[in-house]
Structure formats: structure tokens, C-alpha cells
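[1] Kindly return the folded structure for what I paste below:
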Amino acid sequence: MSIWTFKRIRHWAALGALSVLVLGCTGAPVADGGLGPTPIPQSVVVTAGETPVTIAAPPGFCVDRATIDENPRGVFMFLSDCQRNESTGRMARTPLSAILTASISPTGLAGSQDGMKPALKALGEFLASPVGVFSMGKSNQDGAVKILTAKQSDVALYILLQDSAYRDPAGASSRYWRAFTEINGHLVSLSVTGYARNDKEEKRALRIIRAFMQATLDANKG
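    The predicted model follows:
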């Protein structure tokens with residue numbers, strides 16, 4: 001994995017304080033159940049390199065098309081709460097309970113040609129190093145970030161972090177989950193930051209990021 005990837009992850013993490021998302025449209029293709037272009041689709045197809053990747057929101061969330069940054073060096077986007085209007089079938093924004101992000105590298109996960117599990121294990125070891133931990137912070141302050149727990153499945157790595165120097169006036173937690181996998185030859189990083197101060201272990205955020213990961217993996221099958 002290139003140092004550029006981790007610099008971008010660190011840069012994108014600093015954007016996590018954004019709590020009011022601007023609605024709008026970009027040129028990204030939409031896959032939203034046949035409803036046509038919408039500023040808040042439940043999934044989008046983006047290109048970071050030679051092959052496309054679909055990012056699919058977990059239940060209760062949508063992509064904010066206005067935040068999609070798609071260029072040859074990678075892709076980044078925000079997702080936030082939404083719900084379907086039963087009378088029109090359209091999605092609408094609801095009060096924020098969590099901020100989700102997705103970033104896609106133009107390159108893949110190092111060592112994945114030898115199997116995802118060992119490649120994810122190696123990634124986890126790198127992210128546990130001082131450089132790796134710093135790269136996942138939001139405050140960009142040395143020593144402020146620590147890994148609270150890490151979980152690995154056959155296809156993804158999940159890490160719960162705390163950034164003690166991170167302050168968000170909108171009330172976003174200083175604890176957040178990040179998840180990593182490879183899709184279509186691209187390293188994909190997802191994150192979930194909640195607003196529930198009473199959920200010390202970020203259990204709801206873990207449920208969301210697992211659903212986020214599964215929805216995105218399912219959307220790219222075949």
C-alpha cells in the first residue's frame with residue numbers, strides 16, 4: 001500500500017467533523033432501484049483506475065452525491081441518514097445519527113494475490129504501527145489516536161479508534177470505526193462515526209459499518 005493512500009486517508013479523516021451535508025448532483029452514475037438520477041442515491045458506481053466499484057449504503061443511509069470526489073488518484077464520498085418517502089418512493093434526508101465515509105484507492109491491497117486473510121492481517125499489523133495509527137486519526141496530533149479493538153473476518157478488517165484530541169461542536173464521537181477490504185482490485189476504506197455519547201463501545205456504529213461493508217460487497221458480486 002502506497003504512502004499516498006495513507007496520506008489521503010488521514011486527510012479524509014480530518015473531514016469527519018462535517019455535520020451538515022450539502023445536497024446536489026455530480027456526474028457519477030447512479031444505481032438506485034430504477035428511480036433515475038437523485039441527489040441522495042442508496043448506491044453509486046465510481047471509477048478509481050481501470051475498474052468500477054459500487055459503494056452501497058447500509059439500511060437507513062444514502063450517498064451524498066455533492067461530496068463525491070472522483071479522480072484518477074482515488075475516490076471519496078460521504079453518506080448520511082435518509083429514509084424513503086412511501087408516497088413518492090424517493091429518498092429524503094433525516095436528522096443525522098452517524099456520518100459514514102467511503103474511500104477507494106486506484107491500487108489494491110498489498111499481498112491480496114496470496115489470499116485476503118493474510119493480506120488483511122499484514123494491513124492490520126501496519127495500521128497498528130505508529131505511522132499506521134497516526135494515518136487513521138482525525139486531529140492530526142501525534143499520540144492522540146489509539147486502537148481500542150480490531151476484528152478481522154475472511155474479507156474485511158474492522159478497527160475501533162479513539163482520537164482524544166478530536167472535538168466536534170456538532171457532537172460527533174471521538175470514537176469511530178474504520179473498515180478495510182479489496183474490491184475489484186481496489187483498496188476500499190469505510191468509516192462510521194456516531195453521535196451517541198452513551199455508546200462507549202460504539203456497538204451501533206459497528207453494526208452500521210458491518211452492514212455498510214456487506215452491502216458494498218454484495219453490490220460488487222459478479
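
[2] When you work out contacts or count neighbours from here on, use the C-alpha atoms and nothing else.
    Fine.

[3] What's the per-residue pLDDT of residue 114 here?
    With respect to pLDDT, residue 114 scores 89.

[4] One more: residue 33?
    Looking at residue 33, its pLDDT is 38.

[5] What of residue 45?
    Confidence score, pLDDT, at residue 45: 95.

[6] Check residue 196 too.
    At residue 196, pLDDT is 71.

[7] what does residue 92 give?
    You'll see residue 92 listed with a pLDDT of 77.

[8] so where does it fall, helix or strand?
    For residue 92, the host element (DSSP states H and E) is strand 91-93.

[9] cool, residue 119 as well?
    Taking DSSP H and E as the criterion, residue 119 maps to helix 116-127.

[10] Any buried residues in the helix or strand following that helix, and which?
    Sequence-wise, the next helix or strand downstream of helix 116-127 (DSSP H and E) is helix 130-135. For helix 130-135, the neighbour count (16 or more other Cα atoms under 10 Å) marks 132-135 as buried.

[11] pLDDT on helix 130-135, on average?
    pLDDT averaged over helix 130-135 gives 95.

[12] Run through who's touching the next helix or strand along the chain from that helix.
    Going down the chain from helix 130-135, the next helix or strand is strand 145-152, by DSSP H and E. Contacts with strand 145-152, where a contact means Cα atoms under 8 Å, 6 or more residues apart in numbering, come from 120-121, 128, 133-134, 136-137, 157-165.

[13] and with 10 Å instead?
    117, 120-121, 124, 127-128, 130, 133-139, 157-166, 174-180, 201 (Cα atoms under 10 Å, 6 or more residues apart in numbering).

[14] hey, which helix is longest across this protein?
    Counting by DSSP state H, the longest helix found in the chain is helix 203-219.

[15] which secondary structure elements does that helix contact?
    If you count contacts as 3 or more Cα pairs under 10 Å, 6 or more residues apart in numbering; DSSP states H and E, helix 203-219 packs onto strand 43-47, strand 52-56, strand 98-104, strand 157-163, strand 175-183, strand 186-194.

[16] Right, I'll call it a day here.
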